[in-house]
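Q: build me a model from this:
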Amino acid sequence: MEAGTAAQAVSAKPDLELDSCDGIFLTYTLVSREKEYPHVKNVAKQAWAFKSMATLMNVGDEELKDWKMYIGFQHKEILVSADGAVPIDAEEDFPTSVGNGTTLAGNPVTDLKTAIETASDFNQMSVKVQMSGTQFGLGKGGKPMPKSIKLVNDGFKCPAATRKGSRMSVCCKKDPKAKAKLLKKTKFPPRRYGDLTIAYDVLQAFSNNYYAQVTIENNHPLGRLDHWNLTWEWQHGEFIYSTKGAYARIKDPSECLYGPAGKYYGSMDFSQVANCQKKPILSDLPSERKDDEKVGKLPWCCRNGTVLPPIMDKSKSKSLFQLQVFKMPTDENRTAITPPMKWHIDGVINPQYKCGPPIRVDPQEFPDPTGLKAIETAVASWQVVCNITKPKPQTNKCCVSFSAFYNESAIPCNTCACGCNDVRKCNNKASPMLIPPDALLVPFANRSQKAIAWAKLKHLKVPNNLPCGDNCPVSINWHVNTDHKAGWTARITIFNWADYTFDDWFTALKFDRYFEDFEDVYSFNGTRIPGIKTIFFQGVKGLNYLAGETNGTHEYDPRVPGKQQSVVSFNKKNVEHFDITRDGFPSKVYFNGEECALPPIRPMKSSGHHQSSISLLAIIFSAFVTFLLMA
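A: Numbering: from 1, shown residues only. Below is the predicted model:
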C-alpha cells in the first residue's frame, strides 16, 4: 500500500504557500493506493484502488461563487465517488471514466466566503472533496498523480501546480487582464447563457412538499429537441406526487411503499403518486392533451416533446411543465429545498447536450396572473445550463454522402457512422466501397450486389469481408451539379430510413470559404446565419415534413426511403482561386441540430476531365424540374 495523510490536505497551521496566496488555494492529496483484484502480470492492465482529497480555500478578498475545479487525471482513472462535489463533464453516473481529466463543481457547498466576512471561519471559507476510484498503467513505484489542477471559474489565472510527494498545490489569482462583465448585482450568481437552459422554479412551499415549474428554453440557432426525455437524480429521497404538462415514463409505487417514504407517509395512497424513482424520466405530453383541465392548460406545454430553434419559431423554442414534490424529514423546514442533481436531456435526432449542476439564482419573476400591473416572484430558483457537444465517432444519428458531376462514383456514408451492433458478417473497420449514385436510393442491405458489380466495372478492390453499413436513420447526399465561370450549383437530397415522420425538419450546412456566395435554394426555404457561416434550410409550407420509409411497389422490391430534394445555387463573387473539388463541399452538415458524420474524402477529378460550362438558363431549368418532382 502507498499512503499519504489526509492531514496534509489542509494543514492545522498555514504553510508558506498558503500564507503567500491572495486568491483561491487548491490542493490535491493522494491519501492511499493499493492493488486491486484481479492481480495480473501486465502492468498496463493492473488496477489500483486510490483514495484522494481535493481542497479549495478562499484566502482572497472576494467571495467565490459557483466554484469549479479541474483535475487533470491521466492514468485511465475511473471515479467511483466524490463526496462534496459532482463531475459536471461526466457522461454517466458513478462510476465514470475521467482518464482525460474532469471538472468538479460544488455540491452541496457551491460558494466560498472570505475570511473577512466570516472572521476566518474555515467551514465557510473552504471545502474538502473526498474521492475514491480506480487507475491503471502504473507499477508499485509509479507516480499516480494528476498532471494538473486548476480553478476554471471566469476571471482567474492559475500557474502550474507545485508537487511535493503525494500532494499538489496551486494558488489561483484574479487575472488583472480579464475584462469584468457588466452584470446586474444580484444576491445569487447571475443567470448564464447556454445552448439550452433549464429553469427549476419553486412556486409554492410547504413544510413537507412544494410545487415547482420546469422551463426548457432553446437558445442555439441549430439546437433542437424532438420527443424529449428529461431525467435527474433526487438527493434526499424526494418523490413526484403529481405532474402537469408532462408525465413520468414509469409509475411504480413500490419504491415509495417499501422505502423510507412509505414509513414516513404511512397513510398516503401511493397508487396515485406520479413517480417514486430516484432517477425519474419525464416526457412532454402529446398535443391532444394541451387543453386537458387536469394535466394541460399550461403555456409552452404539450407539443409531443418538440423544442424548435428560435430561428424557426420563437414561440416553439420553449417547453414547460409543473410538478408537486414531497420531501423527506431531513428537509422538513418550509425553506429547506434541495434541487435534483445530475440533469440529462435527450430526444430522437437532435444535438447531444451535456448539462451542468443546478445553480441557485435570484428568484424568477412572473407577471401577475390576474392581469394587474404587478410582479410575482418564485420562492426559490435554480438554473441548469446545457451545451451542445460533438458526437463521438460512430455515435452520430445522421450521415452524409458525397458525389459530383465530374466523377461517376458516389462516396457513401462512413462504415458504422451511427454505430454497429452485429459485426460477425461485416467489417466495421473497413472503408465504405464506392457505389454508383443510383445505389444511394437503395437500403444498405440491398446495395452489396451493386457495390461489387461497380467495383469490378471500375477495377476497384473488393474486400473479402464487406464493410458494414452506416446504420443511420437519416442520410444526406450532397451532389455537386455544375461548375461554370459565374457560379456553380449543387443538389441536396435528404433520405429518411426510419419508420416515423420528421415534422418541421431542418438541415444546415457550414461553408468556411464561400458562405457569402450562396444565392438561392429552389425547393426549400433558405436562411443565412452569418455568425457561424451556416446556411439553414427548412421545408416550405405544406412540405415541412419528411415522410418515413415505406414498402416498395412490389412485394419483392426494396423499401423506399422518405425523400426531400432541392437544387442550391452559388456565385463566385467572394472566393478567389475557386476549386470545385475543394470548395464544392460543406465542412459540417446538421440535421435537426444533430451533427452528421462526413466522408473522409471528396470526389476527385480524373486527369482528362474538363469543366462543364453550363448556362444560367440550364441551372434554372434544373431547379424547376426538381420543384415539379417535389410537387
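
Q: so what pLDDT did residue 98 get?
A: Note for residue 98: predicted pLDDT of 92.

Q: doesn't residue 80 make contact with it?
A: No. Between residue 98 and residue 80 there is no contact under C-beta atoms under 8 Å: 10.3 Å. Quick note: C-beta positions are derived from backbone N, CA and C, even for glycine.

Q: quickly list what's touching both of these two.
A: Residues touching both residue 98 and residue 80 (C-beta atoms under 8 Å, 6 or more residues apart in numbering): residue 133.

Q: which one of these two is surrounded by more residues?
A: residue 98 (25 against 15; other C-beta atoms under 10 Å).

Q: for the stretch 351-500 of the chain, what spans make up the strands?
A: 352-355, 359-361, 365-367, 375-377, 380-389, 398-404, 407-411, 474-483, 487-496 (DSSP state E, counting those that start in this stretch).

Q: pull up the pairing partners for the fourth one, direction included.
A: Spelled out, it's strand 375-377. strand 365-367 (antiparallel) (DSSP bridges).

Q: which residues does the partner strand contact?
A: 374-378.

Q: turn the strands of the stretch 351-500 of the chain into CSV, including mean pLDDT, distance to residue 603 and mean neighbour count.
A: Below are those laid out as CSV (pLDDT from 0 to 100; distance: least, C-beta to C-beta, whole Å; neighbours: other C-beta atoms under 10 Å):
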stretch, mean pLDDT, distance to residue 603, mean neighbour count
strand 352-355, 92, 30, 21
strand 359-361, 90, 49, 20
strand 365-367, 88, 56, 12
strand 375-377, 89, 60, 12
strand 380-389, 94, 30, 21
strand 398-404, 96, 4, 25
strand 407-411, 94, 4, 20
strand 474-483, 96, 7, 23
strand 487-496, 96, 12, 23
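
Q: nearest to residue 219, out of those?
A: strand 380-389 (9.8 Å; C-beta to C-beta).

Q: give the bridge partners for the closest residue to residue 346 other than its chain neighbours, please.
A: Sequence neighbours aside, residue 229 is the residue nearest to residue 346 in space, at 5.8 Å (criterion: C-beta to C-beta, 6 or more residues apart in numbering). Residue 229 has these beta-bridge partners by DSSP bridges: residue 283, residue 346.

Q: repeat that for the one 4 residues further on.
A: The bridge-partner assignment for residue 233, based on DSSP bridges, gives residue 341.

Q: circling back to that earlier point, out of the strands of the stretch 351-500 of the chain, nearest to residue 339?
A: That would be, of the strands of the stretch 351-500 of the chain and by C-beta to C-beta, strand 380-389, which comes in at 4.6 Å.

Q: check the offset of stretch 74-84 from the chain's centre.
A: Relative to the chain's own centre, stretch 74-84 is displaced by 22 Å; criterion: C-alpha atoms, centre = their mean, to the nearest Å.

Q: number the chain from 475, please
A: Right, with 475 as the first residue, what we last looked at is stretch 548-558.

Q: avg pLDDT for that stretch?
A: On average, stretch 548-558 scores 92.

Q: one more: stretch 692-709?
A: 94.

Q: could you report the neighbour count for residue 636?
A: Count around residue 636 with other C-beta under 10 Å applied: 11.

Q: wouldn't it be in contact with residue 642 here?
A: Yes. The criterion here is C-beta under 8 Å, and residue 636 meets it with residue 642 at 7.0 Å.

Q: which neighbours do those two have in common?
A: Going by C-beta under 8 Å, 6+ apart, no residue sits against residue 636 while also sitting against residue 642.

Q: picking up where we left off before, tell me, how many residues neighbour the residue nearest to residue 820?
A: Counted with other C-beta under 10 Å, residue 703 comes out at 16.

Q: what's near enough to touch it?
A: Contacts of residue 703 (C-beta under 8 Å, 6+ apart): 723, 755-757, 779, 819-821.

Q: could you dump those to JSON lines with distance to residue 662 and pLDDT?
A: Formatted as JSON lines, the contacts of residue 703 follow (distance: C-beta to C-beta, whole Å; pLDDT from 0 to 100):
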{"residue": "723", "distance to residue 662": "32", "pLDDT": "94"}
{"residue": "755", "distance to residue 662": "29", "pLDDT": "97"}
{"residue": "756", "distance to residue 662": "25", "pLDDT": "97"}
{"residue": "757", "distance to residue 662": "30", "pLDDT": "97"}
{"residue": "779", "distance to residue 662": "30", "pLDDT": "94"}
{"residue": "819", "distance to residue 662": "23", "pLDDT": "96"}
{"residue": "820", "distance to residue 662": "28", "pLDDT": "93"}
{"residue": "821", "distance to residue 662": "30", "pLDDT": "90"}
